[in-house]
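K.L.:
predicted model follows, preceded by the sequence.
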Amino acid sequence: MRWAEIIEAILRENKGVASLESLYQGVSKYRSPLPAGDWQKTLRGVLYREVRRGRFIKVGLGVYALPERPPAKTSAYTYALEGKSAKAYLSQLSDPHSAIEGMLIEIGNFMEYLTYTCDQNRFFDGKRLGDLCRLQQVPPFTYPDLQSLVARCDVVWFGRTQQPFPKFIYEVEATTDFTNSLLKMYQLLDFNARFILVAPEKRRALFEQRLQQAPFAQVRQRFAFRPFEQVARFYFSCVEHYELRADFLSD
């Protein structure tokens, strides 16, 4: 099979939508053994060419689809392409928790981290979160009990190394009071990771209040707050960069 046919077959297996990582993982079913050399670069080249021709379309950061599965007009990717505001996108969401997780995963992929989520079966703009992640399970980087703790975190960015360690650990707090997430993160402080609580801006004061309590007060500098709108603005900025880069480097 030609590369374009392989890409289309993998997309159809994934209900018409697949991340770049899913495309890589699906190739071995159609090409065995895998071609020598940088076959992933070849796949990307064919993919980008076929996107320009209209055979495939972009529906996210590194996420592709068949033309019959266009992104919804209310999707983050569509809003970003049309120059709409991140605030406008967030205002029409019924499930901001899943959307924030999805944006964090796609941003992490874009920034070349190995991404993971405990919420594999949630959806972001019609895309299953587990299908967007580069990792389906947490690597065995530490003791089993701590590994299990990381596996229950909302979104984790691991370093892209031979032995991946968590670099950024995110908990999305749309309604709860931060305590459980902070306690979970507190048990992981021995790792050189950044611990980030993501919530609506109006909940920042509650976050600061919790950090004044024991046992968090003495290590409060290890925790950070990021509002939903900042995540969405970062995602929109990544989309703009992604599109500009594709246009600049295209044939």
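P.N.:
Looks like it came in fine.

K.L.:
can I get the CA coordinates of stretch 171-187 in PDB?
P.N.:
Provided in PDB are the C-alpha atoms of stretch 171-187 (Å, rounded to 0.1, in the frame of the first residue of the first chain):
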ATOM      1  CA  GLU A 171      -5.100  18.900  37.800                       C
ATOM      2  CA  VAL A 172      -8.200  20.500  36.400                       C
ATOM      3  CA  GLU A 173     -10.400  21.900  39.100                       C
ATOM      4  CA  ALA A 174     -13.700  23.200  37.700                       C
ATOM      5  CA  THR A 175     -15.700  22.800  40.900                       C
ATOM      6  CA  THR A 176     -13.900  21.100  43.800                       C
ATOM      7  CA  ASP A 177     -11.800  22.900  46.400                       C
ATOM      8  CA  PHE A 178      -8.300  21.900  45.400                       C
ATOM      9  CA  THR A 179      -7.500  19.900  48.600                       C
ATOM     10  CA  ASN A 180      -7.500  16.400  47.100                       C
ATOM     11  CA  SER A 181      -5.400  17.500  44.100                       C
ATOM     12  CA  LEU A 182      -2.900  19.300  46.300                       C
ATOM     13  CA  LEU A 183      -2.600  16.300  48.500                       C
ATOM     14  CA  LYS A 184      -2.000  14.100  45.500                       C
ATOM     15  CA  MET A 185       0.700  16.400  44.200                       C
ATOM     16  CA  TYR A 186       2.200  16.800  47.700                       C
ATOM     17  CA  GLN A 187       3.100  13.100  47.700                       C
END
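
K.L.:
hmm, who's touching it?
P.N.:
With contact meaning Cβ atoms under 8 Å, 6 or more residues apart in numbering, stretch 171-187 is reached by 96-97, 100-101, 104, 146, 149, 152-155, 169, 195-200, 203, 206-207, 210-211, 215-216, 219, 222-223. For every residue, glycine as well, the C-beta is placed using N, CA and C.

K.L.:
buried set for that stretch?
P.N.:
For stretch 171-187, a neighbour-count test (16 or more other Cβ atoms under 10 Å) marks Glu171, Val172, Glu173, Phe178, Ser181, Leu182, Lys184, Met185 as buried.

K.L.:
contacts for stretch 31-46 next, please.
P.N.:
Met1, Trp3, Ala4, Ile6, Ile7, Leu20, Leu23, Tyr24, Val27, Ser28.

K.L.:
mind running it again at 10 Å?
P.N.:
1-7, 10, 20, 23-24, 27-28, 55-56, 62, 251 (Cβ atoms under 10 Å, 6 or more residues apart in numbering).

K.L.:
just the buried ones from the residues you listed?
P.N.:
The neighbour count (16+ other Cβ under 10 Å) marks Trp3, Ala4, Ile6, Ile7, Ile10, Leu20, Leu23, Tyr24, Val27, Arg55, Phe56, Gly62 as buried among those.

K.L.:
now the strands for the protein?
P.N.:
With DSSP state E as the criterion, the chain has strands at 17-19, 57-60, 63-65, 114-117, 123-124, 127-128, 155-158, 166-172, 194-199, 223-227.

K.L.:
these: which one's closest to Tyr89?
P.N.:
Tyr89 lies closest, by Cβ to Cβ, to one member of these: strand 123-124, at 11.7 Å.

K.L.:
now the closest one: average pLDDT?
P.N.:
Averaged over strand 123-124, pLDDT sits at 94.
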